[in-house]
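In: Got a sequence here, can you build the structure:
(chains A and B)
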Amino acid sequence: DSGVTQTPKHLITATGQRVTLRCSPRSGDLSVYWYQQSLDQGLQFLIQYYNGEERAKGNILERFSAQQFPDLHSELNLSSLELGDSALYFCASSVAAYTEAFFGQGTRLTVV
Amino acid sequence: AQSVTQLGSHVSVSEGALVLLRCNYSSSVPPYLFWYVQYPNQGLQLLLKYTSAATLVKGINGFEAEFKKSETSFHLTKPSAHMSDAAEYFCAVRPGSGNTGKLIFGQGTTLQVKP
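Out: Okay, the predicted model is just below:
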């Protein structure tokens, strides 16, 4: 157990819908990362927050957004969902902005 | 841009045999390199990391990796494979510049261990 908690573990939704994925970092970690894992794209970095502020951005679609709240948990919002958004979404956390990250078990999103 | 390439999407070894998973990186600055393992239906677990302190890095579960700058490689090895090592392995690089810990992952190598 890495100490990073992601909810829900599984999510099935229809195209065009909006979903929110939640991540609670390890106790004491200030940085949160979101990654997408799909069969065709592999593991892709989406976005990083550090202490509530965006620190780095990857190939995150405009339909996707994220935030980190004052209690340091983070949410990834995915809207206007398409079939191609079906993937495993991982959250990771680290103590500082650039130290090693610990991964949660992921949320498996299936868009039908 | 920094990147990693994992040679071989599938590697199959017999139990007790040497495990060698290959990773080559591309980086214009000294890189930070990592190996992660993903067991079925689980998240990624850090096996080991290279941060320039030593070229031979020892990790968990008997794995180690050697950083070779001349070959731009960071191959993962284990002397004797166990059935429990069957998993997917990812090599990753963290950009050496910029104050971020984001990781760029390779495509992954699935390790099969045969009895």
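In: CA atoms for contacts and neighbours, from now on please.
Out: Fine.
In: Grab the most central residue of the chain for me.
Out: No chain in the question, so chain A it is. Residue closest to the mean C-alpha point of chain A, counted by CA atoms, centre = their mean, is A:Trp34 at 3.4 Å.
In: oops, chain B please
Out: Central residue of chain B (CA atoms, centre = their mean): B:Trp35, at 3.3 Å.
In: Ignoring the adjacent residues along the chain, who's closest to it?
Out: In this structure, B:Trp35 finds its nearest non-sequential neighbour in B:Cys91, 4.6 Å apart by CA to CA, 6 or more residues apart in numbering or on different chains.
In: likewise A:Leu39?
Out: A:Ala87 (7.9 Å).
In: what does B:Lys68 give?
Out: B:Phe74 (6.4 Å).
In: Quick check: next helix or strand after the helix or strand containing the residue nearest to the centre of chain B?
Out: Secondary structure from DSSP states H and E places B:Trp35 in strand B:32-38. Going down the chain from strand B:32-38, the next helix or strand is strand B:44-50, by DSSP H and E.
In: Please see if that next one touches chain A.
Out: Yes: using CA under 8 Å from any CA of the partner chain, strand B:44-50 reaches chain A at B:Leu44, B:Gln45, B:Leu46.
In: burial of A:Gln68, as a residue count?
Out: For A:Gln68, the neighbour count with other CA atoms under 10 Å in any protein chain shown is 22.
In: Specify the beta-bridge partners of it.
Out: Here A:Gln68 sits in beta bridges with A:Ser74, as judged by DSSP bridges.
In: Confirm for me that it is in contact with A:Glu75.
Out: Yes: in this structure A:Gln68 lies within contact range of A:Glu75 using CA atoms under 8 Å: 6.6 Å.
In: Where does pLDDT dip in chain B?
Out: Counting by pLDDT under 70, chain B contains low-confidence residues at B:96-98.
In: Where do the strands of the chain begin and end?
Out: All of this is about chain A. Per DSSP state E, chain A carries strands over the ranges A:5-7, A:10-13, A:19-24, A:31-38, A:42-50, A:53-57, A:64-68, A:74-78, A:87-94, A:102-103, A:107-111.
In: Let me rephrase: I mean chain B.
Out: According to DSSP E, the strands that chain B contains are B:3-7, B:10-14, B:19-26, B:32-38, B:44-50, B:56-58, B:64-68, B:73-78, B:87-94, B:104-105, B:109-114.
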